[in-house]
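[1] Structure for this input, please:
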Amino acid sequence: MSRLAKRYQGRVAAITGAGSGIGRALAHQLAGLGCHLALSDVNKASVDAVAAELADRGVRVTSTAVDVADKAQVQQWAESTASELGAVHFIFNNAGVAMGSPIDGMSDDDLRWLMDIDFWGVVYGTQAFLPYLKQTGEGHVVNVSSIFGLIAVPSQGAYNAAKFAVRGYTEALRQELDIAHSGASATSVHPGGIKTNIAQAARFTDNMASMGASDVTESKARFSKLFITTPEKAADVILRGVARNARRVLIGPDAYAVDAMQRLMPTTYQRLVSAGARRLMQGGE
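    Numbers count the residues shown, from 1 in each chain. Below is the predicted model of the structure:
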């Protein structure tokens, strides 16, 4: 039996945002490793479709419509998962949204929308599932941050705030679990550009025109060209990182480049990023 199979076979994993992208890829790969699954997504049809794809994989799979911004829904999902599947060993807090907006003129409603999903969704998932993870003596919290949780980027102030917060929250949790010798652990995941629909589904506010991004469709297309890693590769890297109990998982060559840049130029990197962002948003090559 492989190291990965040994870590996941017979366990139970809960995944948010499982209807597409990295979440769907995680579900497929975990099923292939013999892991039982509790899948959730705000889109009921998409998560049911993923569950149907796994119907013949020899593992138990449940699918539930969950808005991760709703604490009560997440709590109910955690309770029903533990009841139906008997235990929970992993929570993959993967669900997320994106938004392009300069901070100057960003509405409170837009900021709250993103933070409720990208940060509070992670908090609610962690809080709801952690007691069950501890009960197993080997549970693991896997929280998806971003390379934008390592560096700041123009037009991504809200996303940066959420993803930096996820990173800090998860790293503090990991240390607390280590101190408590609880048997549970936590990993912060930092994907680079992953080939999902997150850019196409992102909100772009009207004031993006002030940064040279006047054509939303064109801007989304330019950003999407930066997505170089497949969801399947991302899922494989995540699962291998969790299996070795990594504190931080970087996904994609762009993530490693960003991490190195931040370490070597902790403040001056901003000049490089600003210049690159200006060219990208204004259509430069």
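[2] where's the closest residue in space to residue 97 that isn't next to it in sequence, which helix or strand?
    Once flanking residues are discounted, residue 97 sits nearest to residue 117: 5.1 Å by Cβ to Cβ, 6 or more residues apart in numbering. Every residue, glycine included, has its C-beta placed from N, CA and C. Element membership for residue 117 (DSSP states H and E) is helix 108-118.
[3] mind exporting the helix or strand just after that helix as PDB, just the C-alpha atoms?
    The helix or strand immediately downstream of helix 108-118 is helix 120-136, counting by DSSP H and E. Output for helix 120-136, consisting of C-alpha atoms alone and laid out as PDB, is shown next (Å, rounded to 0.1, in the frame of the first residue of the first chain):
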ATOM      1  CA  TRP A 120     -15.400  33.300   7.700                       C
ATOM      2  CA  GLY A 121     -16.200  30.300   5.600                       C
ATOM      3  CA  VAL A 122     -12.800  28.900   6.600                       C
ATOM      4  CA  VAL A 123     -13.400  29.800  10.200                       C
ATOM      5  CA  TYR A 124     -16.800  28.200  10.400                       C
ATOM      6  CA  GLY A 125     -15.600  25.100   8.700                       C
ATOM      7  CA  THR A 126     -12.600  24.800  11.100                       C
ATOM      8  CA  GLN A 127     -14.700  25.400  14.200                       C
ATOM      9  CA  ALA A 128     -17.500  23.100  13.200                       C
ATOM     10  CA  PHE A 129     -15.300  20.100  12.200                       C
ATOM     11  CA  LEU A 130     -12.400  20.500  14.700                       C
ATOM     12  CA  PRO A 131     -14.000  18.600  17.600                       C
ATOM     13  CA  TYR A 132     -14.700  15.600  15.300                       C
ATOM     14  CA  LEU A 133     -11.100  15.700  14.000                       C
ATOM     15  CA  LYS A 134      -9.700  15.700  17.500                       C
ATOM     16  CA  GLN A 135     -11.900  12.700  18.400                       C
ATOM     17  CA  THR A 136     -10.100  10.600  15.700                       C
END
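[4] which strands and helices sit next to helix 120-136?
    Contacting helix 120-136 under the criterion 3 or more Cβ pairs under 8 Å, 6 or more residues apart in numbering; DSSP states H and E are the following elements: helix 71-85, strand 90-93, strand 140-144, helix 157-180.
[5] One more pass at 6 Å, please.
    Other elements packing on helix 120-136 under the criterion 3 or more Cβ pairs under 6 Å, 6 or more residues apart in numbering; DSSP states H and E are helix 71-85, strand 90-93.
[6] Compare these and give me the one nearest residue 21.
    Proximity to residue 21 (Cβ to Cβ) singles out strand 90-93 among those, at 11.9 Å.
[7] Relative to the whole chain's centre, how far out is the closest one?
    On the basis of Cα atoms, centre = their mean, to the nearest Å, strand 90-93 sits 10 Å off its chain's mean C-alpha point.
[8] who's in contact with that strand?
    Where contact means Cβ atoms under 6 Å, 6 or more residues apart in numbering, the residues beyond strand 90-93 that reach it are 13-16, 26, 122, 125, 129, 140-143.
[9] What's the first helix or strand after it?
    Next helix or strand after strand 90-93 toward the C-terminus (DSSP H and E): strand 99-100.
[10] Pairing partners for that next one, with directions?
    Strand 99-100 sits in its sheet next to strand 203-204 (parallel), going by DSSP bridges.
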